[in-house]
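Participant: task: produce atomic coordinates for the following.
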Amino acid sequence: MLVDDMPIATFATIPSAEPALSAAPHPPGPGLPDPEPGRAQVFNVRLASSAVRQDAAGVLVRRMYAWRGYALDPAARQDGARVTFYAETDGELVGTMSLALDVHGRLPADENFGDSLAPLRLAGRRLCEPSRLAIDKGMSKRVFAALIHISYLYAHRLRGFSDYIIEVNPRHVTFYQRMLGFAVFGGERDCSRVGAPAVLLRLPLDVMGERIRRWSGSFDAAGAERSFYPYFFPLREEAGISARLAALCQGEDRT
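Facilitator: Numbers count the residues shown, from 1 in each chain. Have a look, this model is predicted:
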């Protein structure tokens, strides 16, 4: 049985010292109040196993997508083929992402790019698809990085999946190439789920692991690396995060 009462990971940021995420426009309207300069914000990342938590994550996703003019199908409930993680601070949900797992031979991306995914499956690759990523306005880059890092540990370390596959709007391709190392794997097509064009990107998770080992936890050090990897958790924290993930997911179907 999945439970979400224990944080998978906790981290703090100091707003005056860390840049906010500015990869994409944020929705208008009220958000969290600005923290006092120099006062650290503490974030918890959790697994959204309850209907209430999943609904709250869905509200943030729909708000972000609607502001950008995208349609969105209703949020799927978490099951053995999908998990949802979320970040919160002071009781407010500020970031979320879902991870669709190819345990039944089909991912959301198959609707538009099934012909591109078929050769990967034939080659024995195990695919998963990050989706419904939404970060509230003014959040530190560490919120985005924490969700991605934890999803990597869950998918690759705990479940043995080999590749991330994502569909992104063409104008976001360069961002995902530069900031995480994705490569184009399928040309532009109409994405029926959001009513906008999409490009298929791929990132082998062993390649992601190499970048994590090289750069994670180095955001406060001088260096030329301009990706999100320096904002990932330090390597020394991976074992503890993985252990908490495994404990939370003990009863999950691992087919």
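Participant: for this protein, give me the ranges with low pLDDT.
Facilitator: The chain contains residues with pLDDT under 70 at 1-5, 14-39, 49-80, 192-194, 221-223, 251-255.
Participant: one more time with 80, if that's ok
Facilitator: Within the chain, the segments meeting pLDDT under 80 span 1-6, 14-40, 48-80, 91, 132, 134, 136-140, 190-196, 220-224, 249-255.
Participant: need the helices for the stretch 151-255 of the chain, in chain order.
Facilitator: 173-180, 205-215, 238-248 (DSSP state H, counting those that start in this stretch).
Participant: if you could redo that for the stretch 1-150 of the chain, that was the one I meant.
Facilitator: Counting by DSSP H, counting those that start in this stretch, the helices of the stretch 1-150 of the chain are 51-67, 110-122, 141-152.
Participant: Arg125: which of the helices of the stretch 151-255 of the chain is closest?
Facilitator: Closest approach to Arg125 among these (CB to CB): helix 205-215, 9.9 Å. In short, each C-beta sits where N, CA and C put it, glycine included.
Participant: hmm, back to that, of all the helices of the stretch 151-255 of the chain, which lies closest to Pro7?
Facilitator: helix 238-248 (7.6 Å).
Participant: how about the closest one: buried residues?
Facilitator: Of the residues in helix 238-248, 238, 241-242, 244-245, 248 count as buried by neighbour count, 16 or more other CB atoms under 10 Å.
Participant: also stretch 149-168?
Facilitator: Neighbour counts over stretch 149-168 (16+ other CB under 10 Å) mark 149-157, 159, 161-168 as buried.
Participant: ok, stretch 176-191 next?
Facilitator: By 16+ other CB under 10 Å, the buried positions in stretch 176-191 come out as 176-177, 179-182, 185-186, 191.
Participant: tally of neighbours for the spatially closest residue to Val83 that is not a sequence neighbour?
Facilitator: Leaving out its chain neighbours, the residue that sits closest to Val83 by CB to CB, 6 or more residues apart in numbering is Leu99, at 5.2 Å. By other CB atoms under 10 Å, 24 other residues sit near Leu99.
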